[in-house]
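**Q** pasting the structure only:
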């Protein structure tokens with residue numbers, strides 16, 4: 001009996017202790033998440049009350065005190081930054097109504113049925129800012145009052161959301177890490193406070209919110225490295241508040257990268273299951289500049305379309321095969337030359353049937369083309385597979401047919417072998433159109449190369465960039481406002497920090513250098529049919545820009561100096577082009593010749609290594 005009792009006791013302890021430990025950890029996790037949720041709810045209520053009791057009151061006065069209104073507005077933005085990390089992560093659509101871009105958005109942008117699309121007017125803090133800066137516009141008083149009313153109503157919706165939706169530890173830490181990424185890509189660039197430019201104070205407040213949150217996960221160690229890094233970053237922002245002179249390169253490498261890496265360590269140490277998102281930005285990364293931070297397959301049509309070595313090798317062979325065209329004279333490589341970063345060096349490539357006739361638009365680079373959500377300058381293709389199919393069928397580009405391509409590859413022994421290796425099901429079903437387009441798309445996805453000198457610098461090699469290039473980076477991210485469209489670190493229009501949606505921009509590009517007449521190409525408008533998007537085009541990457549001249553959708557500019565001058569003068573507005581829906585600011589940037597040289601030097605540092 002005694003032996004049995006001892007064995008039973010041992011078994012009982014061995015089974016009970018892990019249960020007790022797991023249960024205790026679960027209870028602690030739940031209590032921790034509840035405390036954080038209550039804190040976020042309290043911040044939302046404080047924001048709502050301040051906007052209602054102070055901002056609305058100041059704007060509604062008979063005799064408006066401009067300075068008082070601005071102070072209350074800036075205070076409102078700081079209160080928003082306290083809960084930004086949570087709101088933008090857990091309730092992104094609602095938060096857009098509080099701090100969305102001040103441009104009309106497209107709702108129901110279904111490219112399969114563009115007739116469903118409609119423009120949705122902007123609302124929130126950025127819209128209110130336009131009525132207060134650079135000067136108070138008394139004629140917009142009623143509009144401002146109405147906008148503040150929307151702000152209060154939508155905050156009430158957010159309050160209700162956080163009261164009803166419990167938070168989970170792994171999602172809280174994921175949201176905190178993304179907030180660090182949001183700060184370095186949007187917060188310190190003036191993206192969402194383009195007129196008030198109170199970026200450094202707002203970034204400090206956002207980090208303070210994380211500083212209050214993360215000790216729940218670092219434990220009782222008040223001297224944890226992550227806490228120290230947060231304190232140092234907040235101090236740096238407070239000591240260097242000037243937007244124009246802020247050293248963004250130093251802030252990112254000395255502070256932000258360490259903070260995001262510290263949060264990533266906390267994420268990895270959390271017990272229990274976590275949901276894996278199909279995000280282009282991988283969840284397990286430590287910094288935005290990790291060597292494999294981005295998933296080139298994120299925008300593929302589905303899991304079966306993911307890139308493999310066999311698919312990419314087959315796609316490369318197809319890429320150089322002129323037999324894919326209807327005339328047998330043009331391959332994909334005809335317009336996308338590897339020595340020119342997969343562009344062609346022309347403003348516009350000739351029509352396949354008539355060399356005197358030019359294609360509608362400039363050929364973009366294929367390097368890193370996978371790292372965006374839409375394709376073609378007018379955004380009409382949702383996947384690279386759709387883009388490939390469109391080009392092959394286009395009567396001016398390749399004028400081919402998929403039936404003819406399948407017949408060609410099916411009759412070739414080498415191709416049959418490559419297809420069988422890349423797509424084993426072809427041995428039974430034969431080669432299909434999806435196999436052809438997926439192979440070509442896989443080759444393009446294999447051209448993802450985020451390995452420039454700039455990347456090396458952000459990964460810790462302080463000698464990778466010259467002083468001039470660092471000055472150019474800081475100008476690019478600050479005074480020149482380039483990074484408010486060409487987002488770090490992809491430098492295309494894919495919106496951080498989740499990198500799910502690609503943005504367009506209305507620049508007012510001229511038809512030629514000879515005169516200031518707007519290019520007649522209506523871009524995205526011809527696809528989506530929403531007036532706000534007339535002459536809107538996808539924002540391309542500027543990586544490898546030193547090899548991809550000429551520039552713009554119509555190839556109008558031959559040099560980077562010409563491009564810089566166009567932006568420095570306010571785009572089309574600076575040329576005297578009347579375009580009411582221009583989204584690029586029409587204000588001059590007032591960059592000096594030296595500053596433009598610095599920016600160009602930085603952009604050249606983005607050239608990929610082979």
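**A** That came in fine, so what should we check first? Keep in mind that this is a model prediction, so the values were computed, not measured. Numbers count the residues shown, from 1 in each chain.
**Q** Just name the shakiest helix or strand of the protein by mean pLDDT.
**A** None of the helices or strands of the chain scores lower by mean pLDDT, DSSP states H and E than helix 2-50, at a mean of 65.
**Q** quick one, helices of the stretch 251-400 of the chain?
**A** 257-269, 309-319, 332-335, 384-393 (DSSP state H, counting those that start in this stretch).
**Q** what residues does the first one touch?
**A** The set of residues that contact helix 257-269 without belonging to it, under C-beta atoms under 8 Å, 6 or more residues apart in numbering, is 170, 173-174, 176-177, 180-181, 207, 210, 214, 217-218, 225-226, 229-230, 233, 284-289, 458. To be clear about C-beta, it is placed using only N, CA and C from the backbone, and glycine gets the same treatment.
**Q** can you check the third one too?
**A** Contacts of helix 332-335 with the rest of the structure, by C-beta under 8 Å, 6+ apart, involve 318, 319, 320, 322, 324, 343, 344, 349, 363, 391, 397, 440.
**Q** now the contacts of helix 257-269: which count as buried?
**A** Among the contacts of helix 257-269, those scoring as buried are 170, 173-174, 176-177, 180-181, 207, 210, 214, 217-218, 226, 229-230, 233, 285-289, 458 (criterion: 16 or more other C-beta atoms under 10 Å).
**Q** The residues you listed in helices, which ones?
**A** Of those, the ones assigned to helices by DSSP state H are 170, 173-174, 176-177, 180-181, 207, 210, 217-218, 226, 229-230, 233, 458.
**Q** burial count for residue 304?
**A** 10 (other C-beta atoms under 10 Å).
**Q** Mind checking which residue lies nearest the centre of this protein?
**A** residue 495 (2.1 Å; C-alpha atoms, centre = their mean).
**Q** How many residues are close by the residue nearest to that residue when sequence neighbours are not counted?
**A** Closest residue to residue 495 in three dimensions, ignoring its sequence neighbours and counting by C-beta to C-beta, 6 or more residues apart in numbering: residue 501, at 5.1 Å. By other C-beta under 10 Å, 12 other residues sit near residue 501.
**Q** just residue 240 next, same as before
**A** For residue 240, the neighbour count with other C-beta under 10 Å is 14.
**Q** need the contact list for it.
**A** So residue 240 contacts 200, 246, 247 (C-beta under 8 Å, 6+ apart).
**Q** so who does the second one touch?
**A** The one in question is residue 246. 188, 199, 200, 240, 474, 478.
**Q** Flag the shaky bits of the stretch 501-610 of the chain, pLDDT-wise.
**A** Across the stretch 501-610 of the chain, nothing is flagged by pLDDT under 70.
**Q** which residues of it fall in strands?
**A** Remark: strands assigned in the stretch 501-610 of the chain by DSSP state E, counting those that start in this stretch are 504-506, 536-538.
**Q** In JSON lines: those, plus distance to residue 454 and mean neighbour count.
**A** Putting the strands of the stretch 501-610 of the chain into JSON lines (distance: least, C-beta to C-beta, whole Å; neighbours: other C-beta atoms under 10 Å) gives the following:
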{"stretch": "strand 504-506", "distance to residue 454": "22", "mean neighbour count": "23"}
{"stretch": "strand 536-538", "distance to residue 454": "22", "mean neighbour count": "25"}
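**Q** For residue 451, find the nearest of those strands.
**A** strand 536-538 (23.7 Å; C-beta to C-beta).
**Q** For the closest one, what is the distance to the chain centroid?
**A** 15 Å (C-alpha atoms, centre = their mean, to the nearest Å).
**Q** And that strand, what does it pack against?
**A** On a contact count with 3 or more C-beta pairs under 8 Å, 6 or more residues apart in numbering; DSSP states H and E, strand 536-538 meets strand 504-506.
**Q** mind running it again at 10 Å?
**A** Using 3 or more C-beta pairs under 10 Å, 6 or more residues apart in numbering; DSSP states H and E, the elements in contact with strand 536-538 are strand 504-506, helix 525-528.
**Q** Please dump those into a markdown table; it should also carry distance to residue 163 for every row.
**A** Listed next are the helices and strands packed on strand 536-538 as a markdown table, based on distance: least, C-beta to C-beta, whole Å:
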| stretch | distance to residue 163 |
| --- | --- |
| strand 504-506 | 36 |
| helix 525-528 | 36 |
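**Q** Show me the helices in the stretch 401-550 of the chain, by range?
**A** Under DSSP H, counting those that start in this stretch, the stretch 401-550 of the chain gives helices at 402-410, 413-422, 426-429, 433-445, 453-458, 467-477, 525-528.
**Q** Tell me how the protein divides into domains.
**A** Taking automatic domain parsing as the criterion, the chain consists of the domains 28-167, 168-275, 303-445, 454-604.
**Q** can I get the helices of the stretch 251-400 of the chain in a markdown table with mean neighbour count and mean pLDDT?
**A** Listed next are the helices of the stretch 251-400 of the chain as a markdown table, based on neighbours: other C-beta atoms under 10 Å; pLDDT from 0 to 100:
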| stretch | mean neighbour count | mean pLDDT |
| --- | --- | --- |
| helix 257-269 | 20 | 96 |
| helix 309-319 | 20 | 98 |
| helix 332-335 | 20 | 98 |
| helix 384-393 | 21 | 98 |
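**Q** Pull the number of nearby residues for residue 546.
**A** Other residues close to residue 546 by other C-beta under 10 Å number 15.
**Q** so who does it touch?
**A** The contact partners of residue 546, by C-beta atoms under 10 Å, 6 or more residues apart in numbering, come to 341, 560, 600, 603, 604, 605, 606, 607.
**Q** Could you rerun that using 7 Å?
**A** 604, 607 (C-beta atoms under 7 Å, 6 or more residues apart in numbering).
**Q** Can you tell me how far it is from residue 559?
**A** 11 Å (C-beta to C-beta, to the nearest Å).
**Q** And residue 249, by the same measure?
**A** According to C-beta to C-beta, residue 249 stands 26 Å off from residue 559.
**Q** Alright, that wraps it up for me.
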